[in-house]
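# coords below, sequence missing:
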């Protein structure tokens with residue numbers, strides 16, 4: 001093993017089979033690419049922190065951005081929806097139809 005810094009570190013969970021890992025590595029293998037594989041140990045209680053903490057910060061920081069963005073998108077969507085419904089109602093006026101209702105309740109199932 002050399003002391004070189006690897007170009008890519010492929011960390012995989014312990015339940016992955018060695019064959020699957022070899023297939024995935026084979027798909028990206030290149031002579032100039034130094035790939036190191038590492039089997040992640042099972043049962044580490046800190047494994048989830050690798051994605052929970054950065055995601056939590058990202059969601060907290062981007063919350064106001066998305067609220068503003070979705071609010072403006074909702075305003076734009078309302079205008080388009082209003083135009084669509086208006087044009088649909090205009091087309092409805094072209095049809096002649098009447099609504100009929102029964103005065104008694106009909107028994108459909110016995």
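Nice, I can see it. Since we're looking at a predicted model, the values are computed, not measured.
# what does the domain assignment say about the chain?
Structural domains assigned to the chain are 1-47, 48-92, following automatic domain parsing.
# so where is the protein shaky, pLDDT-wise?
Along the chain, the parts satisfying pLDDT under 70 run over 1-2, 42-47, 96-110.
# top helix in it by residue count?
The longest helix of the chain (DSSP state H) is helix 49-92.
# coming back round to it: how about JSON lines for the domains of the chain, with mean neighbour count added?
In this view, the C-beta of every residue, glycine as well, is placed from N, C-alpha and C. Formatted as JSON lines, the domains of the chain follow (neighbours: other CB atoms under 10 Å):
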{"stretch": "domain 1-47", "mean neighbour count": "10"}
{"stretch": "domain 48-92", "mean neighbour count": "10"}
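# show me the contacts for residue 3.
Going by CB atoms under 8 Å, 6 or more residues apart in numbering, residue 3 touches no other residue.
# Wait, a helix at it?
No - looking at residue 3 with DSSP: H, G, I helix; E, B strand; the rest coil, it is coil, so not inside a helix.
# Quick check: the gap between it and residue 36.
Noted for residue 3: a distance of 12 Å to residue 36, by CB to CB, to the nearest Å.
# One more: residue 73?
Using CB to CB, one gets 44 Å for the distance from residue 73 to residue 36.
# can you check residue 85 too?
On the measure of CB to CB, residue 85 and residue 36 end up 59 Å apart.
# what does residue 24 give?
Residue 24 sits 14 Å away from residue 36, taking CB to CB as the criterion.
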